[in-house]
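Undergrad: No sequence on hand, only this structure:
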């Protein structure tokens, strides 16, 4: 809704309600709207606060309904222009509690998403006179929107950006969970292809040292293969194939390590299973050659009686 149309609607409704039908209120609304449209955000914010105070006085403290909600929405816009994001978030919460109409609610939620995204991607907030990182606050805002409003146009954006933040901040398990949710619940999202690829990256980031779980590699492999199958025309196909090649070597090294463990406890049959798997899946690699040499070294050996 345009600023002029909103202004006309507010003035008309105020003037049609005898309890608040005074020239001072209508004049304040018009002055605030003109200030906001002219780029005088601080002046507009002060005027909208005066409108709210006067409205509450005229209505004996009735802070609900579409009219007061629209005034608060314009106040929020002014605060955003002033980069007073925390105050803007607080006013959107007042809007949610004031029985707004669907349009006002949707616009308030979009503003809340914009602030959360801005915080998450580097905008600071002012606390105790200092500019401090607001990434955690942005993450909190976006997660609240994901939980409470899962069907808004921006919800898939929120999920993707949260997942990306977790991946960049050493929380790959959370990142994979968010990317997987986006793929499952929002398959038509513009972020689907990127989420499928990044889900694989998040799986790979969970590898810890040499004693990594083969299940992690299987999960990563599934993500990359799905990416190649579902998004063959995307520009990162080469990277997905490279990752699959890396996974093949990781799996081979892990299986050789497991085979070595079985050899040490003289479970040669189990060791052979893992070594043969390396040769089968990683042929023409140094790992396959190593597996062949180990197999030759235990050829003919039998498991000792009583070994488990």
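TA: Received it, and whenever you're ready, just let me know what you need. It should be emphasised that the depicted structure is a prediction, and the values quoted were computed from it without experimental measurement.
Undergrad: What's the per-residue pLDDT of the nearest residue to residue 116 once chain neighbours are set aside here?
TA: The shortest distance from residue 116 to any residue other than its chain neighbours is 3.3 Å, reached at residue 141 (Cβ to Cβ, 6 or more residues apart in numbering). For the C-beta atoms, the positions are set from N, CA and C on the backbone; glycine is no exception. pLDDT for residue 141: 97.
Undergrad: again, but for residue 250
TA: 90.
Undergrad: pretty sure it is touching residue 213, no?
TA: No - the pair residue 250 / residue 213 is not scored as a contact, 10.9 Å apart, by Cβ atoms under 8 Å.
Undergrad: so who does residue 175 touch?
TA: 163-164, 166-167, 198-199, 202, 205 (Cβ atoms under 8 Å, 6 or more residues apart in numbering).
Undergrad: again, 10 Å this time
TA: With contacts defined as Cβ atoms under 10 Å, 6 or more residues apart in numbering, residue 175 is in contact with 162-169, 195, 198-199, 201-203, 205-206.
Undergrad: what's the neighbour count on residue 114?
TA: 15 (other Cβ atoms under 10 Å).
Undergrad: Tell me the spacing between it and residue 165.
TA: The gap separating residue 114 from residue 165 is 16 Å, by Cβ to Cβ, to the nearest Å.
Undergrad: same deal with residue 64?
TA: Between residue 64 and residue 165 the computed distance is 35 Å (Cβ to Cβ).
Undergrad: Mutual contacts of residue 250 and residue 213, please.
TA: residue 207.
Undergrad: In terms of neighbours, single out the busier of those two.
TA: Each of residue 250 and residue 213 has its neighbours counted (other Cβ under 10 Å); residue 250 has more, 20 against 12.
Undergrad: Okay, now the unreliable bits of the chain?
TA: Across the chain, the ranges flagged by pLDDT under 70 are 1-22, 126-131, 210-211, 303-308.
Undergrad: for the helix or strand encompassing the residue nearest to residue 116, packing partners?
TA: Assigned by DSSP states H and E, residue 141 belongs to helix 135-148. The contact analysis (3 or more Cβ pairs under 10 Å, 6 or more residues apart in numbering; DSSP states H and E) places helix 135-148 against helix 85-96, helix 102-120, strand 124-127, helix 155-168, helix 172-185.
Undergrad: how far is the second one from where the chain is centred?
TA: This means helix 102-120. 14 Å (Cα atoms, centre = their mean, to the nearest Å).
Undergrad: and residue 266, helix, strand or coil?
TA: With DSSP: H, G, I helix; E, B strand; the rest coil as the basis, residue 266 sits in coil.
Undergrad: what's the burial count for it?
TA: Around residue 266 there are 15 other residues, counting by other Cβ under 10 Å.
Undergrad: who touches residue 108 in this structure?
TA: Contacts of residue 108 were listed using Cβ under 10 Å, 6+ apart, and they are 69, 72-73, 76, 88, 91-96, 100.
Undergrad: Kindly recompute the last result at 6 Å.
TA: 73, 92, 95 (Cβ atoms under 6 Å, 6 or more residues apart in numbering).
Undergrad: Please apply the same query to residue 137.
TA: Counting by Cβ under 6 Å, 6+ apart, the residues that residue 137 touches are residue 119.
Undergrad: Show me how the record splits the chain into domains.
TA: Structural domains of the chain, as assigned by automatic domain parsing, span the residue ranges 1-148, 154-235, 254-308.
Undergrad: Look at the second one and report the distance between its end residues.
TA: The separation between the terminal residues of domain 154-235, taken as Cα to Cα, to the nearest Å, is 25 Å.
Undergrad: Work out the gap between that domain and the centre of the chain.
TA: Relative to the centre of its chain, domain 154-235 is centred 12 Å away, using Cα atoms, centre = their mean.
Undergrad: Likewise for the last one?
TA: Shown here is domain 254-308, whose average C-alpha point lies 43 Å from the average C-alpha point of the whole chain (Cα atoms, centre = their mean).
Undergrad: Make sure residue 51 is actually in contact with residue 71.
TA: Yes - using Cβ atoms under 6 Å, residue 51 makes contact with residue 71 at a distance of 5.3 Å.
Undergrad: shared neighbours of those two, anything?
TA: Counting by Cβ under 6 Å, 6+ apart, residue 51 and residue 71 have no contacts in common.
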